[in-house]
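*Asks:* I need the structure of the sequence given here:
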Amino acid sequence: MLTRDDLAFKFCVGRGVELGPGQRPTKVGPGSELVFVDKRSPEELKAYFNSPDIVAGKRLEEFEPGSFDFLIAHHVLEHSSNVLEELILWFSRIKPHGLVFLSVPDKRHTPDGTRLETPPGHFLLDYIAGVNDSSFESREHIYSFLWGWSEVGGLAGKSKQEASQMVANATRSPTNDLHWHVFDAATLKFVVATAAKLAGRTASMVYSDSGTTQLPEHRLIAILKENADTGEDINKLQTLRSEVGPLLNRLSLEGMEGQPLFSLTPEDQGKIFIADNSKLRWVREPEALADRGISGVPPPDRAWPYARSVYWARHRVRSLCPLA
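*Replies:* Model prediction:
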């Protein structure tokens, strides 16, 4: 059976980037250059692996578009709450006709085994809605992830009441690192092909295999060819993405007039917002809270209904302001 290194040695040639190499970077083709990317700092990586023997790197956004001949990411994609959006970012850093080598866990070899496999439509809905780690839709995945890992993760050995409280705390935590989605070989191909089209590319699959008793992961290698004509349906999908968010934002503000809301984003946690004249406003003065009858009332257990509404209110509507 071919190993990751066997495949990378054959297909990954030139200047490449590996995302999240951890303690074991992939061995690539002869004469090739490999740089590393990780969302964690060196200190965080040492704590995560409980070892000083780690491979740290930069952020992918620090590199110019089209910087690399190939990109490698093993067991990284399942940590993305918006898979198509994440892949589009990855693909943007690859040259025309560049290559990607991806792998994701086979759930039969992980504590994800009891979870439902994510259907293709869910990945599309995440993309259209622009969800992120802080979105309500993503936070709900925390329940299935932690309860699925109850025998091996942080819930192991806890009583039902203790475990329930720990899960509730995690859903309200500013940050979480988990398997947001569960893949099989078919859905891995689907997200790569769809993200390629959204990025103006065509993914030509050159190698793929599925998990087996001996192989604990699904693997895929694809060449990303440029393709300006990605099809009418992809154009419709991109249009939906640009239109659905503002529509949900308007309807939510109208329907929640005068009601307190809060955001799950790390930068806005603890702040109380209110729908006021179809605008989202941050209410921070005690007098304003008292005037609206919510003085002393803790933030409601009701997240702002659209993932990007705070972003739109701040950067597009530009109505986010304290009320005196």
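
*Asks:* can you count the residues close to Leu146?
*Replies:* When neighbours are counted by other C-beta atoms under 10 Å, Leu146 registers 21. In this view, the C-beta of every residue, glycine as well, is placed from N, C-alpha and C.

*Asks:* Pro120 too?
*Replies:* When counting by other C-beta under 10 Å, one arrives at 12 neighbours for Pro120.

*Asks:* help me confirm that it comes into contact with Leu188.
*Replies:* No. Applying C-beta atoms under 8 Å, one finds Pro120 not in contact with Leu188, separated by 10.9 Å.

*Asks:* so who does Val100 touch?
*Replies:* Residues in contact with Val100 (C-beta atoms under 8 Å, 6 or more residues apart in numbering) are 70-73, 90-91, 94, 192, 220-222, 224.

*Asks:* list the buried residues for the helix or strand harbouring it?
*Replies:* For Val100, the element it lies in under DSSP states H and E is strand 94-105. If you call a residue buried by 16 or more other C-beta atoms under 10 Å, then strand 94-105 has these buried ones: 94-95, 98-105.

*Asks:* now that strand: mean pLDDT?
*Replies:* In this model, strand 94-105 has a mean pLDDT of 97.

*Asks:* report all helices and strands that the helix ranked longest in the chain contacts.
*Replies:* Counting by DSSP state H, the longest helix found in the chain is helix 232-255. Judged by 3 or more C-beta pairs under 8 Å, 6 or more residues apart in numbering; DSSP states H and E, helix 232-255 is in contact with helix 120-129, helix 185-198, strand 272-276, helix 309-312.

*Asks:* where's the very next helix or strand once past the first one relative to the chain centroid, distance-wise?
*Replies:* Helices and strands here follow DSSP H and E; after helix 120-129, the next one along the chain is helix 136-148. Centroid separation for helix 136-148 versus its chain: 13 Å, with C-alpha atoms, centre = their mean, to the nearest Å.

*Asks:* if we can go back for a sec, CA atoms of the longest helix of the chain as CSV?
*Replies:* What follows is helix 232-255 as a C-alpha-only set of coordinates in CSV (Å, rounded to 0.1, in the frame of the first residue of the first chain):
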residue,chain,number,x,y,z
GLU,A,232,-24.6,28.6,-14.9
ASP,A,233,-25.3,26.7,-11.7
ILE,A,234,-22.0,27.8,-10.1
ASN,A,235,-22.8,31.4,-11.1
LYS,A,236,-26.2,31.0,-9.4
LEU,A,237,-24.6,29.6,-6.3
GLN,A,238,-22.3,32.7,-6.1
THR,A,239,-25.2,35.0,-6.6
LEU,A,240,-27.1,33.3,-3.8
ARG,A,241,-24.2,33.8,-1.5
SER,A,242,-24.1,37.5,-2.2
GLU,A,243,-27.9,37.9,-1.8
VAL,A,244,-29.0,35.5,0.9
GLY,A,245,-27.0,37.1,3.7
PRO,A,246,-28.3,40.7,3.3
LEU,A,247,-31.9,39.3,2.9
LEU,A,248,-31.7,37.3,6.1
ASN,A,249,-30.2,40.3,7.8
ARG,A,250,-33.0,42.6,6.8
LEU,A,251,-35.8,40.1,7.7
SER,A,252,-34.2,39.3,11.0
LEU,A,253,-33.8,43.0,12.0
GLU,A,254,-37.4,43.7,11.0
GLY,A,255,-38.8,40.7,12.9
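
*Asks:* can we start the residue count at 11 from this point?
*Replies:* From this message on, residue numbering opens at 11, which makes the last subject helix 242-265.

*Asks:* tally of neighbours for Ala196?
*Replies:* Count around Ala196 with other C-beta under 10 Å applied: 12.

*Asks:* one more: Gly255?
*Replies:* Here the count is done by other C-beta under 10 Å, and Gly255 has 20 residues near it.
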